[in-house]
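Asker: Pasting the sequence and the predicted coordinates here, then a few questions.
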Amino acid sequence: QVQLVESGGGMVQPGGSLRLSCAASGAGFTFSRYVMHWYRQAPGKERELVALITPAGVATNVLDAVKGRFTTSRDDTKNTVYLPLNSMSSELSAMYFCNARSLARTYWGPGTQVPVSS
């Protein structure tokens, strides 16, 4: 069974930073073949795509609020994808989820909460 587990979340002050990680595991799961995504969902709002990184390592920030601010990365030797969150503001306060997607499969992690508060 494939599992994605996010970590690194927690309360952060405005202007602060943290790095989210998402570790994948499972028999038969070839991490390097998957496009990895980061989504966020704020209370009362729909889940939205933040960023993604292809198997070739090409990273794209999709959400306007994060464009030019940080870049997701992946380490295929550790089956892990990272999302550094810098200069945090209240607009980035949300539950963050990672997602692995191929042509035939998609998997979600349970999410990690990132509240921004002084």
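Answerer: That came in fine, so what should we check first? Numbering: from 1, shown residues only.

Asker: gap between the spatially most central residue of the chain and residue 31?
Answerer: The residue lying closest to the centre of the chain (CA atoms, centre = their mean) is residue 38, at 3.2 Å. With the distance defined as CB to CB, to the nearest Å, residue 38 ends up 15 Å from residue 31. Quick note: C-beta positions are derived from backbone N, CA and C, even for glycine.

Asker: got it, and residue 74?
Answerer: On the measure of CB to CB, residue 74 and residue 31 end up 8 Å apart.

Asker: Report the helix or strand with the lowest average pLDDT across the chain.
Answerer: One helix or strand of the chain scores below all others by mean pLDDT, DSSP states H and E: strand 59-61, with a mean of 87.

Asker: So which elements touch that strand?
Answerer: Under the contact definition 3 or more CB pairs under 8 Å, 6 or more residues apart in numbering; DSSP states H and E, strand 59-61 sits against strand 48-53.

Asker: The strand it packs on - contacts with which helices or strands?
Answerer: Applying 3+ CB pairs under 8 Å, 6+ apart, one finds that strand 48-53 makes contact with strand 35-41, strand 59-61, strand 80-85.
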